[in-house]
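Peer 1: All I have is the shape, not the residue letters:
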């Protein structure tokens, strides 16, 4: 990895990225309580994973933990934050970076590694095992937006040292922070909420009973919810009858019920939560559930029922998982929802839906052979077509979600308004992009063949947003540009940033082909190129100029300055090949501004120019022609024209010649003043 990127990563502070990490959001506060209880155990739980689909504030959770570490007295230097939303980390060996960090803090009691989107490490589990073996006092806190791949791997590997908090969308089956009326009915514990009852779990005696019948009402109030975790890990449970009034089965509700063989799903049931029956190994019969439209991630993982499904694992209107070997798929009639990761890692080549179908996150994750989809899609959910390398669809959508088309190396054209984080990273065949407004972090990274983009509606380019693209020229105004936004875009020759809401450093880093620029002057030229001297030959600057703007530049040949009121010192000092300078509406010229610019032979000062700074043109040995259209006598600082051409001439307006010759400041140049 380039040292510039290493330095950038070391400077990252996740707390600065989170917008709101206080506890005004009660759902966030409740989930955070579970995370911090695990992570802040000083003797164990050194590997904590926060998983869940996108939009569940996992990154904010990481930020809050980091903030609390500092409040506990942990030094910032004891924390290393690796954000795999940044494509500069993808495919890189980050282990040496962690080694350097770890051994540099050998005197610390613990060191903390914080990783966002850990699944982007590739073989992330081997990576975690290696961490555990080599770094004994390292505590890992990480997140992932691909929950089944984290949870199921750790489950299969029996890696008990990895503690997982699975976040899910909040609903009445898993909200635990609202005021409730608690009660006991027979062997069941329950909560009464707004007009309904949720079964919360079982009494001590109830946990000894193998057979259960959940009542349809309690005290005349309908039972509608099996709460999150209600029967989790009840190996003694052999049978349970659920009433048809049940509408939701919450997260982990029957997970690890190893001896449960059959479940009859209620007629009113529409929702089955995350991991609801995960690890219920003996479960071989799932009956009913005709109204189900949502089945959560890993809901039936490691059950006999799922293993025995020959092709489509369907409950109600939800296609939970595809297990067949067909290459060309037609979605069965009556399916309205494709669950998250339903076709993930399959070998399908095409898929057709004859009606309206809602697809979940990651539905076709890593379907490397998928070429064509005949599904009506208005927005592509996160991770949907991740690494679908043969996909050639020409989508027209409002949004491509986070990692939604990541690695689709055959995709050539798309129309989309918003591209989320890494939405189209490594789409190396992309040639045409239409209608885009927002390009977030890494969204078009590695789009080598994208040589033109319509920027008329563009308002935001995130960090690394168009890095390593094939763009040849760009012109825009009034947008946000992130750090390394156009990194290593080898064909980019011309760029115009007429105005900018915000500008990240190094946005043109390694863009050595840029020979023409139009920018504002509030940042040094090298800022755009991460501190390196650019090879820009033609430059237009609008607005005030900072000191040392491009001092000692050996490439700049032509310069246009417009609307300058403040002119920094040494701005173009020793620009050794600068020969053409055009000034428009420039009020003053800074001290030493063009000193040692030997190729400048003439200069024309506009009528707005009032003052030329000290040594401004000193040692411009070939400067012989100075014209000024100013309506009053221009003043200058000491040695402003020292050691310029001995025969130089100052051309001034005819009506001002007498005034110039009467001003003592111009006494040394009496014989050099001519009529303009």
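Peer 2: Looks like it arrived, so ask away. No experiment lies behind these values; they were computed from the predicted model shown. Numbering: from 1, shown residues only.
Peer 1: how about the spatially closest residue to residue 303 that is not a sequence neighbour, secondary structure?
Peer 2: Closest residue to residue 303 apart from its sequence neighbours, by CB to CB, 6 or more residues apart in numbering: residue 283 at 4.3 Å. (Each C-beta comes from the backbone N, C-alpha and C, glycine too.) Three-state assignment for residue 283 (DSSP: H, G, I helix; E, B strand; the rest coil): coil.
Peer 1: neighbours of residue 283, just the number please.
Peer 2: Residue 283 is flanked by 22 other residues according to other CB atoms under 10 Å.
Peer 1: I'd like the numbering to begin with 33 instead of 1 from here.
Peer 2: Got it, the first residue is 33 from now on, which makes the last one we talked about residue 315.
Peer 1: Verify the stated contact: it with residue 293.
Peer 2: Yes. Between residue 315 and residue 293 there is a contact under CB atoms under 8 Å: 6.3 Å.
Peer 1: coming back round to it: so the residue nearest to residue 335 versus residue 411, what's the distance?
Peer 2: Counting by CB to CB, to the nearest Å, the gap from residue 315 to residue 411 is 35 Å.
Peer 1: Please tell me I have it right and residue 419 contacts residue 439.
Peer 2: Yes. Between residue 419 and residue 439 there is a contact at 4.1 Å, judged by CB under 8 Å.
Peer 1: What is the helix-or-strand element of the chain with minimal mean pLDDT packed up against?
Peer 2: None of the helices or strands of the chain scores lower by mean pLDDT, DSSP states H and E than helix 46-49, at a mean of 76. Contact here means 3 or more CB pairs under 8 Å, 6 or more residues apart in numbering; DSSP states H and E; on that basis helix 46-49 packs against helix 90-103.
Peer 1: Give me the contacts around the helix it packs on.
Peer 2: Defining contact as CB atoms under 8 Å, 6 or more residues apart in numbering, one finds that helix 90-103 is touched by 45-47, 49-53, 60, 63-64, 67-68, 71-72, 82-84, 108, 110-111, 113, 144, 146, 148, 173-177, 199.
Peer 1: Got a ChimeraX select line for the buried ones in these?
Peer 2: Buried subset of those, written as a ChimeraX selection, criterion 16 or more other CB atoms under 10 Å:
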select :46,47,49,50,53,60,63,64,67,71,82,83,84,110,111,113,144,146,148,173,174,175,176,177,199
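Peer 1: Among the contacts of helix 90-103, which ones are in strands?
Peer 2: 82-83, 111, 113, 144, 146, 148, 173-176 (DSSP state E).
Peer 1: okay, now residue 630: neighbour count?
Peer 2: 16.
Peer 1: tell me the domain ranges of the protein?
Peer 2: 35-198, 213-340, 569-708 (automatic domain parsing).
Peer 1: could the ones you listed go into TSV alongside distance to residue 376?
Peer 2: Shown next, in TSV, are the domains of the chain (distance: least, CB to CB, whole Å):
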stretch	distance to residue 376
domain 35-198	8
domain 213-340	10
domain 569-708	50
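Peer 1: Can you show me the helices along the stretch 583-708 of the chain?
Peer 2: 689-694 (DSSP state H, counting those that start in this stretch).
Peer 1: what's the answer for the chain, then?
Peer 2: Remark: helices assigned in the chain by DSSP state H are 35-43, 46-49, 58-71, 90-103, 127-136, 156-166, 179-189, 336-339, 557-560, 689-694.
Peer 1: buried set for the fifth one?
Peer 2: For helix 127-136, the neighbour count (16+ other CB under 10 Å) marks 129-130, 133-134 as buried.
Peer 1: Packing partners of that helix?
Peer 2: If you count contacts as 3+ CB pairs under 8 Å, 6+ apart, helix 127-136 packs onto strand 111-115, strand 143-148, helix 156-166.
Peer 1: what's the angle between it and helix 156-166?
Peer 2: 30 degrees (axes from the mean of the first three to the mean of the last three CA atoms, to 10 degrees).
Peer 1: what angle sits between helix 127-136 and strand 143-148?
Peer 2: Using the same axes, to 10 degrees, helix 127-136 lies at 150 degrees relative to strand 143-148.
Peer 1: what's next to helix 127-136, contact-wise?
Peer 2: By CB under 8 Å, 6+ apart, helix 127-136 touches 33, 38, 41, 112, 114, 143, 145, 159, 162-163, 166-167, 170.
Peer 1: rerun that using 7 Å as the cut-off
Peer 2: 38, 112, 143, 145, 167, 170 (CB atoms under 7 Å, 6 or more residues apart in numbering).
Peer 1: Ok, the third one next?
Peer 2: The set of residues that contact helix 58-71 without belonging to it, under CB under 7 Å, 6+ apart, is 55, 77, 80, 82, 89, 92-93, 96-97, 100, 173, 195, 197, 199, 202, 208-209.
Peer 1: In PyMOL, select just the buried ones from those.
Peer 2: This is the PyMOL syntax for the buried subset of the contacts of helix 58-71, where burial follows 16+ other CB under 10 Å:
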select buried, resi 80+82+89+92+93+96+97+100+173+195+197+199+202
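Peer 1: list the buried ones in stretch 581-594?
Peer 2: By 16+ other CB under 10 Å, the buried positions in stretch 581-594 come out as 581-583, 585, 587-591, 593-594.
Peer 1: what does stretch 215-230 give?
Peer 2: Using 16+ other CB under 10 Å as the test for burial, stretch 215-230 gives 217, 219-225, 228-230.
Peer 1: Now tell me which of those the prediction trusts least.
Peer 2: For the buried residues of stretch 215-230, the weakest pLDDT value sits at residue 225, with 86.
Peer 1: Can you tell me how far that residue is from residue 214?
Peer 2: Per CB to CB, residue 225 is found 11 Å from residue 214.
Peer 1: Please apply the same query to residue 43.
Peer 2: Residue 43 sits 49 Å away from residue 214, going by CB to CB.
Peer 1: can you check residue 638 too?
Peer 2: Using CB to CB, one gets 80 Å for the distance from residue 638 to residue 214.
Peer 1: neighbour-wise, which of those two wins?
Peer 2: Using other CB under 10 Å, the more surrounded residue of residue 638 and residue 214 is residue 638, with 18 against 9.
Peer 1: Contact partners for the more buried one?
Peer 2: The contact partners of residue 638, by CB under 7 Å, 6+ apart, come to 615-618, 661.
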